[in-house]
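**Q** what's the 3D shape of this:
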Amino acid sequence: MAERLVADLAPFDEDNTRQLRGFPPEVTGGVDGRVPMPSARLLVITIKPDGVFLERFASDGEFAGDTWHRSVEEAKQQAGSEYGLRLGDWRIVPPDVEDPVRFGLGEL
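**A** Coordinates of the predicted model:
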């Protein structure tokens, strides 16, 4: 199983960091059909053979975007630059935990 880390994000009145679903206007003939994904409340870093993934999840566990990185340190730096003081401490997800999101949200 891949190594995983989780970190909570403190609630914030105005979320300036939102992932978008869809293609940017540069590739759709000027039409911006992107829609905002939910606000992130939990971050998960997963180390896989093809890279390190920083995934974002809403407070209800809904997927809220992801980014690919070359290293855990790079993923943590990305999280820090996006969320700043909202970012909590990184915790290791035990290997026997199947669902890192439920673990991170305190549901296990």
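**Q** any chance you could map the helices in this structure?
**A** 72-83, 100-104 (DSSP state H).
**Q** which stretches of this structure form strands?
**A** Using DSSP state E, the strands found in the chain span residues 4-8, 20-21, 35-36, 42-48, 51-57, 63-69, 91-92.
**Q** Including distance to L85, mean pLDDT and mean neighbour count, could the ones you listed go into TSV?
**A** C-beta here means a position set from N, CA and C on the backbone, and glycine is covered the same way. Below are these laid out as TSV (distance: least, Cβ to Cβ, whole Å; pLDDT from 0 to 100; neighbours: other Cβ atoms under 10 Å):
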stretch	distance to L85	mean pLDDT	mean neighbour count
strand 4-8	12	97	21
strand 20-21	23	78	12
strand 35-36	22	80	11
strand 42-48	14	96	20
strand 51-57	17	96	21
strand 63-69	19	94	17
strand 91-92	18	96	12
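**Q** Give me the residues contacting the lowest-mean-pLDDT helix or strand in the chain.
**A** Among the helices and strands of the chain, strand 20-21 carries the lowest confidence by mean pLDDT, DSSP states H and E, at a mean of 78. Contacts to strand 20-21, defined as Cβ atoms under 8 Å, 6 or more residues apart in numbering, come from residues 34-37, 65.
**Q** Which residues are in contact with A40?
**A** A40 touches 9, 15, 17, 19, 56-58, 64-65, 83, counting by Cβ under 8 Å, 6+ apart.
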